[in-house]
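Colleague: Next input, structure requested:
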Amino acid sequence: MTQHVLHEQEISMLRTEIEMLMNERKRLLKVAGAAAVFVANLDTEKLPPETYESAEMLSKCLNEISEDTLGEALDGVKAEPVDNP
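Modeller: Residues are numbered from 1 along each chain as shown. Down below sits the predicted model:
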């Protein structure tokens, strides 16, 4: 096999890997968007005490996401950011 053919195969493999990573990113953005909508609509008054820790963990993770990425995540689930009064 020539060096050129090996190079072409490597490029093809990298393209495939990048495509898989981009598809996974889209799926993860949808999960983050759905989680953000869930948290935004969560009624903390009705939240069972045994779920406080999990809800807080999810909320902290969402707060660590950049505003641009969170916007993409909300776009992925066709949601609008909610401003809490």
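
Colleague: any weak-confidence spans in the protein?
Modeller: 1, 80-85 (pLDDT under 70).

Colleague: Contact partners for the residue nearest the centre of it?
Modeller: In the chain, the C-alpha closest to the average C-alpha coordinate belongs to Leu29, at a distance of 2.6 Å (C-alpha atoms, centre = their mean). When contacts are counted by C-beta atoms under 8 Å, 6 or more residues apart in numbering, Leu29 touches Thr69, Glu72, Ala73, Gly76. In this view, the C-beta of every residue, glycine as well, is placed from N, C-alpha and C.

Colleague: Please enumerate residues in contact with stretch 51-60?
Modeller: By C-beta under 8 Å, 6+ apart, stretch 51-60 touches Ala35, Phe38, Val39, Leu42, Thr44, Leu47.

Colleague: Could you pull out the buried residues of that stretch?
Modeller: Leu58 (16 or more other C-beta atoms under 10 Å).

Colleague: gap between it and the chain center?
Modeller: 17 Å (C-alpha atoms, centre = their mean, to the nearest Å).

Colleague: Check stretch 6-20 too.
Modeller: On C-alpha atoms, centre = their mean, the centre of stretch 6-20 falls 24 Å from that of its chain.

Colleague: Export stretch 46-55 to CSV, keeping only CA atoms.
Modeller: Backbone C-alpha positions of stretch 46-55 (Å, rounded to 0.1, in the frame of the first residue of the first chain) are rendered in CSV as follows:
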residue,chain,number,x,y,z
LYS,A,46,-43.6,19.9,45.6
LEU,A,47,-40.2,18.3,45.4
PRO,A,48,-39.7,15.3,47.8
PRO,A,49,-36.9,16.0,50.2
GLU,A,50,-35.0,12.9,49.2
THR,A,51,-34.6,14.4,45.7
TYR,A,52,-33.1,17.8,46.8
GLU,A,53,-29.5,16.6,46.4
SER,A,54,-30.1,15.3,42.8
ALA,A,55,-31.9,18.4,41.8
